[in-house]
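K.L.:
Here is my input, please return the structure:
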Amino acid sequence: MSLHKSLVVKSGLARQRSVLSRYERILKLKKEGKWRDGDSIFKLPKVRTFILKAKKKKKEKKEDEAV
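P.N.:
A predicted model of the protein is given here:
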């Protein structure tokens, strides 16, 4: 008996998440310079998440070597 394709886990959390954890938000704020040590971890400002779209691979034209 096989598993239904909706139940099979292919790569776990390989896709982009729309919500960051508090730790990830603080790291991103530190990079942007909007976080200082000693600030409250509550009421953090919003942090934008970028969703990367997969680009289609271009097919390379195979040139015939029959010169």
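K.L.:
For K30, grab phi and psi.
P.N.:
Per-residue torsions, K30: phi -60, psi -40 (degrees, to the nearest 10).
K.L.:
Next, count neighbours for it.
P.N.:
K30 has 12 neighbours, counted by other CB atoms under 10 Å. In short, each C-beta sits where N, CA and C put it, glycine included.
K.L.:
now it: how far from K43?
P.N.:
Distance of K30 to K43, computed by CB to CB, to the nearest Å: 17 Å.
K.L.:
buried set for stretch 25-39?
P.N.:
Across stretch 25-39, burial judged by 16 or more other CB atoms under 10 Å covers 25-26, 28-29, 35.
K.L.:
now these as TSV including distance to F50, pLDDT and secondary structure?
P.N.:
What follows is those, written out as TSV (distance: CB to CB, whole Å; pLDDT from 0 to 100; DSSP: H, G, I helix; E, B strand; the rest coil):
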residue	distance to F50	pLDDT	secondary structure
R25	14	91	helix
I26	17	92	helix
K28	10	92	helix
L29	15	92	helix
W35	19	89	coil
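K.L.:
from those residues, which single one is nearest S2?
P.N.:
R25 (40.7 Å; CB to CB).
K.L.:
What sits closest to the closest one if chain neighbours are left out?
P.N.:
Excluding the flanking residues, the one nearest R25 by CB to CB, 6 or more residues apart in numbering is V47, at 4.7 Å.
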